[in-house]
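Peer 1: Have a look; sequence and predicted model below, questions after that.
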Amino acid sequence: MWAKDKLFGMPDEVNQFYEEGRDLYIKDMDGVLVKIADTVETRLKEAKDDIAKAKEEIRKYVENLPKDLQKAGEEAEKKSARQPCDPLGNVITYSCVSY
């Protein structure tokens, strides 16, 4: 049977079944990939928003420091901007400060 199929091809019913299954799989996977991409996009935007909010909070905190501590606060602020964004070290990236 295998040799016959190799020589003469699969019956039309099998080919049709295969093509329908492949098309359904591709359609389903497209949907899954779109959901994954949407989730990544949403979470990335949330992370960028959190970083921007944190930077603003730091800026306001430094601005409200007593005058004799503002220079030290500004230096600490600049130093923190060069550190990885994730305080737990789970994400190693230095580009997060350039959003």
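Peer 2: Arrived safely.

Peer 1: in the one helix or strand Ala72 maps to, what's buried?
Peer 2: Per DSSP states H and E, Ala72 falls inside helix 67-81. Burial within helix 67-81, assessed by neighbour count using 16 or more other CB atoms under 10 Å, is assigned to Gly73. From N, CA and C alone the C-beta is placed, and that goes for glycine too.

Peer 1: what's in contact with it?
Peer 2: Lys55, Ile58, Arg59, Tyr61, Val62, Glu63, Leu65, Val97 (CB atoms under 8 Å, 6 or more residues apart in numbering).

Peer 1: So which of these wins on neighbours?
Peer 2: Counting neighbours by other CB atoms under 10 Å, Val62 comes out on top of the contacts of helix 67-81 with 18 neighbours.

Peer 1: which ones are touching that one?
Peer 2: Val62 sits next to Gln70, Gly73, Glu74, Ala76, Glu77 when contact means CB under 8 Å, 6+ apart.
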